[in-house]
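Novice: this is a predicted model, with the sequence first.
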Amino acid sequence: MTRFPIDEFKALQTPFYFYDLNLLDQTLNEIKRTARDTRYKVHYAIKANANPGILRRIQAAGLGVDCVSGGEIMAAVEAGFKPEQIVFAGVGKSDREIELALEKCIGCFNVESEPELHVINEIAKTMDKKANIAIRVNPNIDAHTHEYITTGLAENKFGINLEQLNEIINLVNSLDNVKLEGLHFHIGSQITETEPFVMLCQTINKLQDEYEALGIRFSTINVGGGLGIDYATPDKHPIPDFESYFKTFRNHLRLREDQQLHFELGRSVVAQCGSLITKVLYVKEGITKRFAIVDAGMTDLIRPALYNAHHKIENISNPNGEMHHYDVVGPICESSDCFGKEELLPSISRGDLLALRSAGAYGEIMASQYNCRTLPHSVFSEK
């Protein structure tokens, strides 16, 4: 359970991100305990949160890293991740980003199209390198999540459709400067059911059997990430159920003895350790509504505006006050700048501090300076 040092917060400029490093450490330890199989390699999806303090903590725990840009590769290297621990995904890798990845000798490229494969091979040839690649396969599995974070359906821009896989594998084997290491999958984010992961295992099992019959074996299978968290009651489930998550793959995926199984977890690693702390500027009484206007906005946490997502809101200045309904809104000149409507909260007054929970993932990293606003700073606690 995250505890907020409210007296210390009163002296700080708001809004800011507060990170409970003790909870992060507990989460990392649980990942290592439940993954346990030496063939399982967990990579942290850096797009969830690239705060250097967070990255150094994750690197020290022994995880690898999953990157989707050249900037993320540099952030990973600067945080101490070894190049061989880095995998590089993304549908639109630029030539310069590919060159950077080859210069750093990263572990693997997750390739998402035939044109990308040709470009990586050509650039690797000019640099006298050989690039390890995994082919990202689109398994056409519905992850039952928000349409913006579903990535495994046939109509998504990600990956290579199953019908094209034979052709792509044959192409890889004909090129001199790429080496096929394995297959990569990622079906979406914030997945809270086991069924999509079971379906993914079944698809992989079928593919492996088919290709082994043709004499083709893969060194690695990468199942991506996607494990969801409890946004509604974060203190009830501060650490996701990694035991069940890894058990699903252990029970349903027929991993070969000489294969590595890679995971790319992001949200489930860092979301619960982070909260956005904001100060109430005004309490506005409308005709039918009461508004709590705060100094944080969609520039600091865009998920509610972008995905219609909801983060639990707490009045940490007056946790035991009389309960009232509020629309909690920010100062941005957009109607979508709203964190919650009809929120039942302890009585709110000007100057109160509110905490928007479960904001450690896709919070600070997606912040912008729209309206010429200052980016939020970060505060850490190990207590």
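Specialist: Arrived safely. Residues are numbered from 1 along each chain as shown.
Novice: longest single helix anywhere in this structure?
Specialist: Counting by DSSP state H, the longest helix found in the chain is helix 195-213.
Novice: now that helix, how far from the chain's geometric center?
Specialist: Distance of helix 195-213 from its chain centroid, counting by C-alpha atoms, centre = their mean, to the nearest Å, is 24 Å.
Novice: which residues touch that helix?
Specialist: 137, 139, 141-144, 152, 162, 165, 169, 183, 185, 187-188, 191, 217-218, 221, 223, 226, 245, 248-249, 252-254, 256 (C-beta atoms under 8 Å, 6 or more residues apart in numbering). (Each C-beta comes from the backbone N, C-alpha and C, glycine too.)
Novice: now do 6 Å
Specialist: With contacts defined as C-beta atoms under 6 Å, 6 or more residues apart in numbering, helix 195-213 is touched by 139, 141, 143, 185, 187, 248, 252-254.
Novice: which of those residues are buried?
Specialist: Buried by 16 or more other C-beta atoms under 10 Å: 139, 141, 143, 185, 187, 248, 252-253, out of the contacts of helix 195-213.
Novice: now do the contacts for residue 20.
Specialist: By C-beta under 6 Å, 6+ apart, the contact set of residue 20 is 2, 273, 381.
Novice: equivalent analysis for residue 347, please.
Specialist: When contacts are counted by C-beta under 6 Å, 6+ apart, residue 347 touches 321-322, 324.
Novice: swap the cut-off to 8 Å and go again
Specialist: Applying C-beta under 8 Å, 6+ apart to residue 347 gives the contacts 315, 318, 321-324.
Novice: what's residue 19 in contact with, if anything?
Specialist: Counted by C-beta under 8 Å, 6+ apart, residue 19 has contacts 51, 53-54, 273-274, 360, 378-381.
Novice: tell me which of the residues you listed fall in helices.
Specialist: Mapping those onto helices (DSSP H) picks out 53-54.
Novice: save the contacts of residue 19 as TSV, and put in neighbour count, pLDDT and distance to residue 132 too.
Specialist: Converted to TSV, those look like this (neighbours: other C-beta atoms under 10 Å; pLDDT from 0 to 100; distance: C-beta to C-beta, whole Å):
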residue	neighbour count	pLDDT	distance to residue 132
51	20	98	29
53	13	97	30
54	27	98	27
273	30	98	32
274	27	98	33
360	29	98	31
378	16	98	34
379	15	97	39
380	15	97	35
381	16	93	39
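Novice: give me the subset of the contacts of residue 19 that lies in strands.
Specialist: In strands, judged by DSSP state E, the following of those are found: 274, 378-381.
Novice: dump those to a markdown table, plus distance to residue 197.
Specialist: Converted to a markdown table, the ones in strands among the contacts of residue 19 look like this (distance: C-beta to C-beta, whole Å):
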| residue | distance to residue 197 |
| --- | --- |
| 274 | 25 |
| 378 | 32 |
| 379 | 35 |
| 380 | 33 |
| 381 | 33 |
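Novice: give the residue spans of the stretch 1-150 of the chain that score low on pLDDT.
Specialist: For the stretch 1-150 of the chain, residues meeting the criterion pLDDT under 70 lie at 142-150.
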